[in-house]
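A.B. asks: Only the shape, not the letters, is given here:
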């Protein structure tokens, strides 16, 4: 009995360093090395943002960014894993390593460049004003003064409205976690306008031509890219190279034509 106990102790003493060594190796791997080893590319998305990413009738996340992320995953030799996150928490979730990248209509701004490596751009969007069908009272951003406006919280549309001095932000602006809720309120008349990315506005208009329209005003176009942690420089370089390839071979243009009916990537 004593001999068996001694053998057991020796075996435990032998295997513990090996196990801790494996754990240490996994912790020391770069994110790109982890993706290559596990063959899984985890991407954070807010799937309430059609046609970029949204849940279909079977509750599968689909859209422009999903198709793009799948193409990138293939180039990385991995399978795509989508992690759905509310927009308000998506940046902190990336920093805390809940996934490897944000591919979710993420605008490239100077402020975001300070926090992340931003690969791209892979398309350009503009901020526009969505209104109810037949509402011709809003022809410019200045016409938003004194009316109830909706934005998705912590987006570039939200930031743009905050900078408009003629708008009483605290009184007249409703910030939504989900853009679908903003369009629902626009439909029933709780708000008169939604300031939103052009790709989303035109999608809602296309899907509901009897409900929504787009005012004849837009802000300057802004680039959209992929957010990666600052320390993941190797992964950033690899994804930038992949994006360049997908642009050059026409893959991104084909994805754009599928979802928008035209190439809006330039």
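C.D. replies: Good, I have the coordinates. Note that the structure is a prediction, hence the values are computed from the model and not measured. Residues are numbered from 1 along each chain as shown.

A.B. asks: residues contacting residue 29?
C.D. replies: residue 37 (C-beta atoms under 8 Å, 6 or more residues apart in numbering). (C-beta placed from N, C-alpha, C; glycine too.)

A.B. asks: With residue 168 instead?
C.D. replies: Here residue 168 is in contact with residue 146 (C-beta under 8 Å, 6+ apart).

A.B. asks: Now do it against residue 147, distance only.
C.D. replies: The gap separating residue 168 from residue 147 is 10 Å, by C-beta to C-beta, to the nearest Å.

A.B. asks: mind listing the helices for the stretch 101-250 of the chain?
C.D. replies: 110-115, 156-162, 169-172, 179-188, 198-207, 233-248 (DSSP state H, counting those that start in this stretch).

A.B. asks: Quickly, which of those bottoms out on average pLDDT?
C.D. replies: Mean pLDDT values for those show the minimum at helix 198-207, a mean of 89.

A.B. asks: So what's the gap between that helix and the chain middle?
C.D. replies: 17 Å (C-alpha atoms, centre = their mean, to the nearest Å).

A.B. asks: Next: stretch 231-248.
C.D. replies: For stretch 231-248, the separation from the chain centroid amounts to 17 Å (computed by C-alpha atoms, centre = their mean).

A.B. asks: hmm, who's touching that stretch?
C.D. replies: Stretch 231-248 is contacted by residues 30-32, 35, 68, 71-72, 75-76, 100-101, 117, 119-120, 122, 226, 228, 252-253, 265 when judged by C-beta under 8 Å, 6+ apart.

A.B. asks: Between its first and last residues, how far does stretch 215-226 reach?
C.D. replies: Its first and final residues considered, stretch 215-226 spans 29 Å by C-alpha to C-alpha, to the nearest Å.

A.B. asks: Now do the end-to-end distance for stretch 174-181.
C.D. replies: 11 Å.

A.B. asks: I'd like to check what contacts that stretch. Which residues are they?
C.D. replies: Here stretch 174-181 has contacts from 46, 48-49, 86-88, 148-153, 158, 182, 185, 190-191, 194, 196, 200, using C-beta under 8 Å, 6+ apart.

A.B. asks: Could you do stretch 249-263 as well?
C.D. replies: Outside stretch 249-263, the residues touching it (C-beta under 8 Å, 6+ apart) are 51, 63-64, 67-68, 71, 122-123, 199, 202-203, 243, 246-247, 264-265.

A.B. asks: For those residues, pick the one with the most neighbours.
C.D. replies: Highest neighbour count within the contacts of stretch 249-263, by other C-beta atoms under 10 Å: residue 64, with 27 neighbours.

A.B. asks: Of all the helices of the stretch 101-250 of the chain, which one comes closest to residue 82?
C.D. replies: helix 233-248 (16.3 Å; C-beta to C-beta).

A.B. asks: isn't residue 62 right up against residue 52?
C.D. replies: No - Residue 62 is beyond contact range of residue 52, at 10.0 Å (criterion: C-beta atoms under 8 Å).

A.B. asks: Pick out whichever of those two has more residues nearby.
C.D. replies: Ranked by neighbour count (other C-beta under 10 Å), residue 62 and residue 52 place residue 52 first, with 26 against 18.

A.B. asks: contacting residues for the more buried one?
C.D. replies: Counting by C-beta under 8 Å, 6+ apart, residue 52 makes contact with 63-65, 104-105, 199-200.

A.B. asks: how much space between it and residue 34?
C.D. replies: Distance from residue 52 to residue 34, counting by C-beta to C-beta: 26 Å.

A.B. asks: quick one on the thing from earlier: switch the contacts of residue 52 over to CSV; also include distance to residue 132.
C.D. replies: CSV is the format used below for the contacts of residue 52 (distance: C-beta to C-beta, whole Å):
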residue, distance to residue 132
63, 25
64, 26
65, 28
104, 27
105, 24
199, 20
200, 16
